[in-house]
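Visitor: predicted structure and sequence below. I'll ask about it afterward.
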Amino acid sequence: MSNVEAQPVQVRCGAPAGGERPDGESRVEVLTPRDVPLGGPRAMTVRRTLPQRARTLIGAWCFADHYGPDDVASTGGMDVAPHPHTGLQTVSWLFSGEIEHRDSLGTHARVRPGELNLMTGGRGISHSEVSTPDTSVLHGVQLWVALPGEHRLTEPDFEHYAPEPVVLDGAEARVFLGELAGTASPVKTFTPLLGAEILLAPRAELTLAVDPDFEHGLLIDQGEVRFAGTPLHRGDLGYAHPGTATLTLANASDTPARTVLLGGTPFGEEIIMWWNFIGRSHEEIAQARSDWMTGTRFGEVRGYDGDPLPAPELPSVPLKPRGRVR
């Protein structure tokens, strides 16, 4: 998915160097979303929880959009024209509906509920995303993963994976990245990561063994969930610091709850994220923008009916650090 804001915020992201562990390691910070329209008079609105001032990264997870249930008949659904990415991986995960993906590698794939589509931007890729004609309700998450410096210019790639559900006590999990609940995803990542959809039965409580070196975020799609004792509501992202070997999720409602659990080791590098690019300097971002606008480096997306997205104008001042989240 593209960040199609007309004036994208320049963000300098960074995690505490060395994975610092503050006092009160089990304390959960509640990150509330902001609404972002994806463009057009019938814009589909997404709820964005990463990045924000309170926290810019969870592990290498650097961007989280949560959307739907969206009535496609009212909003027109998703129609994101070809656009570029550098220095990141995109993670597409749906709860309902279907999206057609095309990219400059020649990939033509469908994003379906319960199936992971992971695209590695690396040194440069472009793609389009369009909800299919038979989609009536579109609902899911779009996530980005920052690539570490040594891999940020890796070759672009695309992977598809459909994880089998894991039945737990009062819950069900689909692990699409990393390891959890005795199952592991085969999909390649460049830093230690966790990504899983977890369904909780009404009033169910689940305690999961997790890597204590990871920081974690729990996104609430539906239901009222207590995360390590902290209440979270629909759209909230609860953040748990590193240092605990278990996490407890409790459904506080009489209806099923759906969540997405993200995790990873603290990302020790600072990055600049502007529009659809991740880099380490203003010059790197400016070069990526120039390459996109001149038609070099990012290839061509075939089969999309329409023009590529133009890049926004760079800010009048150089992209600079905004400070580190601690």
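Guide: Noted; the coordinates are in hand.
Visitor: ranges for the helices of the stretch 151-300 of the chain?
Guide: Counting by DSSP state H, counting those that start in this stretch, the stretch 151-300 of the chain has these helices, from start to end: 282-293.
Visitor: where does it have low pLDDT?
Guide: Along the stretch 151-300 of the chain, the model assigns pLDDT under 70 to no residue.
Visitor: secondary structure element holding the closest residue to A109 other than its chain neighbours?
Guide: In this structure, A109 finds its nearest non-sequential neighbour in H101, 4.7 Å apart by Cβ to Cβ, 6 or more residues apart in numbering. Just so you know, the C-beta spots here come from the backbone N, C-alpha and C atoms, and that holds for glycine as well. Using DSSP states H and E, H101 sits within strand 99-103.
Visitor: who's in contact with that strand?
Guide: Applying Cβ atoms under 8 Å, 6 or more residues apart in numbering, the contact partners of strand 99-103 are 78, 82, 92, 107-111, 117, 119, 125-132, 135, 138, 156, 158, 301-304.
Visitor: among the residues you listed, which are in strands?
Guide: Secondary structure from DSSP state E places 82, 92, 108-111, 117, 119, 125-131, 138, 158 of these in strands.
Visitor: quick one: secondary structure of the spatially most central residue of the chain?
Guide: Central residue of the chain (Cα atoms, centre = their mean): L143, 1.2 Å from the mean position. What DSSP: H, G, I helix; E, B strand; the rest coil gives for L143 is strand.
Visitor: for it, list each beta-bridge partner.
Guide: Taking DSSP bridges as the rule, L143 bridges to A64, V91.
Visitor: report the contact partners of it.
Guide: Residues near L143 by Cβ under 8 Å, 6+ apart: 61, 63-65, 90-93, 195, 262.
Visitor: repeat for S281
Guide: Residues in contact with S281 (Cβ under 8 Å, 6+ apart) are 272, 319.
Visitor: quick one, what contacts L237?
Guide: Per Cβ under 8 Å, 6+ apart, neighbours of L237: 30-33, 49-50, 64, 217-220.
Visitor: from the residues you listed, keep the buried residues only.
Guide: By neighbour count, with 16 or more other Cβ atoms under 10 Å, the contacts of L237 hold 31, 33, 49-50, 64, 217-220 as buried.
Visitor: buried subset of the ones in strands among the contacts of strand 99-103, written for PyMOL?
Guide: Command for PyMOL that selects the buried part of the ones in strands among the contacts of strand 99-103, burial taken from 16+ other Cβ under 10 Å:
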select buried, resi 82+92+109+111+117+119+125+126+127+128+129+130+131+138+158
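Visitor: which one of the contacts of L143 is nearest G279?
Guide: Checking the contacts of L143 against G279 with Cβ to Cβ, the nearest one is F63 at 14.4 Å.
Visitor: direction included, what does the strand holding H101 pair up with?
Guide: Sheet pairing of strand 99-103 (DSSP bridges) gives strand 108-111 (antiparallel), strand 125-131 (antiparallel).
Visitor: let's have the contacts of L143 in CSV, adding distance to P256.
Guide: Converted to CSV, these look like this (distance: Cβ to Cβ, whole Å):
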residue, distance to P256
W61, 25
F63, 27
A64, 22
D65, 23
T90, 28
V91, 23
S92, 23
W93, 18
G195, 20
L262, 20
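Visitor: identify, from those residues, the entry nearest to P37.
Guide: Taking Cβ to Cβ as the measure, P37 lies nearest D65 of the contacts of L143, at 11.6 Å.
Visitor: please tell me how far the closest one sits from F95.
Guide: Relative to F95, D65 is positioned 13 Å away (criterion: Cβ to Cβ, to the nearest Å).
Visitor: and for these two, which residues touch both?
Guide: Joint contacts of D65 and F95 (Cβ under 8 Å, 6+ apart) do not exist.
Visitor: residues contacting the spatially closest residue to R110 that is not a sequence neighbour?
Guide: Distances taken as Cβ to Cβ, 6+ apart put E98 closest to R110, at 5.7 Å, once the chain neighbours are dropped. By Cβ under 8 Å, 6+ apart, the residues touching E98 are 110-112, 131-132, 134-135.
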